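In: take this sequence and fold it.
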Amino acid sequence: MLPLACLSAALFVGGTFWLEQSIMLKQYSLDVLVALIPFVIGDEFFAETIVDGKRKSRLILLAIPCLISYSYPIALGARVLGWYLHHGRYRGWRLRPAGALALIVPVAVGLVAIWLTDHRFNLVTQAANLAYWNASILKSRFEEGLGSGLRLIADFIWGWHHGRLMPVVIAAVAPLQALGIYRVVSRWKNRAADDAWGSRTLGSLAVLVGAVLASVLVAYPISAGRLVLFAQIHTQILAVEGALFIVTSWR
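Out: Okay, here's the model as predicted:
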């Protein structure tokens, strides 16, 4: 697994945009930090709390960052959705209502609170904000044409790589990401043997899809940059999954 470890390190060190932004704008590095919390937690946590209904108070703690981060609800929702798709496929779709509500209610409270303290004031300058971020909003780009919208999605996935080597990096990373998606989906469909990594990559896919949907539905800017910095690592996870597919197929 040494080549995979080297690939992971290269992707992490090569994606310097997160470091540049953390130096200048602390809010976005905070978004990255809290958005990783749901992906640090293993599947057993969600099975114990949501399915079994035990230690539900921990779900309240998990929902607290909804009070301080715009992007955290996307990451949390994607992680839970990825876990549920994985859990339902392997072990059944039934949930304990009390466990589900123990997460839904505090998340809803957090969203209402951040709306009252922050989001509603942004409506005053909404026109200016939309004009400023227009080129990064998928809904606006699709209104210009299909090609324009697809270019924005490509920038969201691969725009993190800068400089003259950008085409080379994309040529190497994009096929790995495609293979990673194939590996994750095929293992999920075939109910392949579970492992310690669990449903995290399904959650990574959900993060990327969720960010795209947010750009269409609520005009969230998604061009590679500080507002979607929390999603960068999930593009890298897919590349590592693709490398895993190559390694396992070779063996």
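In: could you check how far Val32 is from Pro65?
Out: 12 Å (C-beta to C-beta, to the nearest Å). Quick note: C-beta positions are derived from backbone N, CA and C, even for glycine.
In: which secondary structure elements does the host helix or strand of Leu30 contact?
Out: Assigned by DSSP states H and E, Leu30 belongs to helix 26-40. With contacts taken as 3 or more C-beta pairs under 8 Å, 6 or more residues apart in numbering; DSSP states H and E, helix 26-40 sits against helix 17-24, helix 72-91, helix 200-217.
In: can you give the contact residues for the second one?
Out: So that's helix 72-91. By C-beta atoms under 8 Å, 6 or more residues apart in numbering, the surrounding residues in contact with helix 72-91 are 31, 34-36, 38-39, 41, 43, 46-47, 50-51, 62-63, 65-66, 93, 95, 103, 107, 110-111, 188, 191, 194, 198-207, 209-211, 214, 230.
In: of those, buried ones?
Out: Buried subset of the contacts of helix 72-91 (neighbour count, 16 or more other C-beta atoms under 10 Å): 31, 34-35, 38-39, 41, 43, 46-47, 50-51, 62-63, 65-66, 95, 103, 107, 110, 188, 198-207, 210-211, 214, 230.
In: got a list of what the residue minimising distance to the centre of the chain touches?
Out: Centroid check for the chain by C-alpha atoms, centre = their mean gives Val207 as the closest residue, at 2.7 Å. Residues counted as contacts of Val207 (C-beta under 8 Å, 6+ apart) are 74-75, 78-79, 230-231, 234.
In: find the nearest non-adjacent residue to it, please.
Out: Ala78 (4.1 Å; C-beta to C-beta, 6 or more residues apart in numbering).
In: does Ala108 count as helix, strand or coil?
Out: helix (DSSP: H, G, I helix; E, B strand; the rest coil).
In: now it: how far from Leu85?
Out: For Ala108, the distance to Leu85 equals 22 Å [C-beta to C-beta].
In: of the helices and strands packed on helix 26-40, which is nearest Ala154?
Out: Nearest to Ala154 among those is helix 200-217; the distance by C-beta to C-beta comes to 11.5 Å.
In: what is the orientation angle of that closest one with helix 26-40?
Out: 140 degrees (axes from the mean of the first three to the mean of the last three C-alpha atoms, to 10 degrees).
In: next, the angle from helix 200-217 to helix 72-91.
Out: Using the same axes, to 10 degrees: helix 200-217 against helix 72-91 is 130 degrees.
In: offset the numbering so it begins at 686, please.
Out: With 686 as the first residue, the last one maps to helix 885-902.
In: so what secondary structure elements neighbour the helix or strand following helix 885-902?
Out: Counting by DSSP H and E, the element after helix 885-902 in chain order, helix or strand, is helix 917-935. Here helix 917-935 touches helix 687-699, helix 851-874, helix 885-902, going by 3+ C-beta pairs under 8 Å, 6+ apart.
In: nothing else from me, thank you.
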